[in-house]
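Engineer: attaching a predicted model along with its sequence, questions to come.
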Amino acid sequence: MYAVIKTGGKQYRVQKGDMLRVEKLNAETGSTITFDDVLLVGAGDAIKAGKDVASAQVTAVVTEEGRGQKIVVFKKRRRKNYRLTQGHRQSYTSVRIESIKE
């Protein structure tokens, strides 16, 4: 059984036992969270979507919080002596999918 959930403006296809890195969530390490925004639930050839999955939930456990690798943002305008270097590290929350309830 798998589900498609939406969190942090992105959609993820998940199954039980999957490890997933999502945008930073307000949850502590070891706590259980539920994703209520389930878009699709599938098992084999049977697929449910729309109003059929309005009550579906995906339960996950927070395993880790951290920040990703640094990304260098370099801007330049030629012949104008303009150079700007910035860096960015995106925060993430790592979760393990525990169950999918229809």
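Structural biologist: Yep, that arrived. Remember, predicted model here, so these are calculated numbers, not experimental data.
Engineer: just give me the neighbour total for Lys75.
Structural biologist: Other residues lying near Lys75 total 9 when counted by other Cβ atoms under 10 Å. C-beta here means a position set from N, CA and C on the backbone, and glycine is covered the same way.
Engineer: so Ala27, which state does it fall into?
Structural biologist: Here Ala27 is coil, with the state taken from DSSP: H, G, I helix; E, B strand; the rest coil.
Engineer: Ile33 is in contact with that one, correct?
Structural biologist: Yes: at 5.1 Å, Ala27 and Ile33 qualify as touching, with contact defined as Cβ atoms under 8 Å.
Engineer: shared neighbours, those two?
Structural biologist: Taking Cβ atoms under 8 Å, 6 or more residues apart in numbering as the criterion, Ala27 and Ile33 both touch Val62.
Engineer: could you find the closest non-adjacent residue to Leu20?
Structural biologist: Closest residue in space to Leu20, ignoring its immediate chain neighbours: Val95 at 5.3 Å, by Cβ to Cβ, 6 or more residues apart in numbering.
Engineer: any figure for the gap between the one you found and Glu65?
Structural biologist: 10 Å (Cβ to Cβ, to the nearest Å).
Engineer: the residue nearest to Leu20 and Thr63 touch, don't they?
Structural biologist: Yes: the criterion here is Cβ under 8 Å, and Val95 meets it with Thr63 at 6.4 Å.
Engineer: tell me which of these two has more neighbours.
Structural biologist: Val95 (26 against 14).
Engineer: what sits against Ala60?
Structural biologist: Per Cβ under 8 Å, 6+ apart, neighbours of Ala60: 20, 32-35, 95-98.
Engineer: shared neighbours of Val95 and Thr63, anything?
Structural biologist: Contacts common to Val95 and Thr63, judged by Cβ under 8 Å, 6+ apart, are Met19.
Engineer: please name the bridge partners of the residue nearest to the spatial centre of the chain.
Structural biologist: Residue closest to the average C-alpha location in the chain (Cα atoms, centre = their mean): Val22, at 2.8 Å. Taking DSSP bridges as the rule, Val22 bridges to Thr93.
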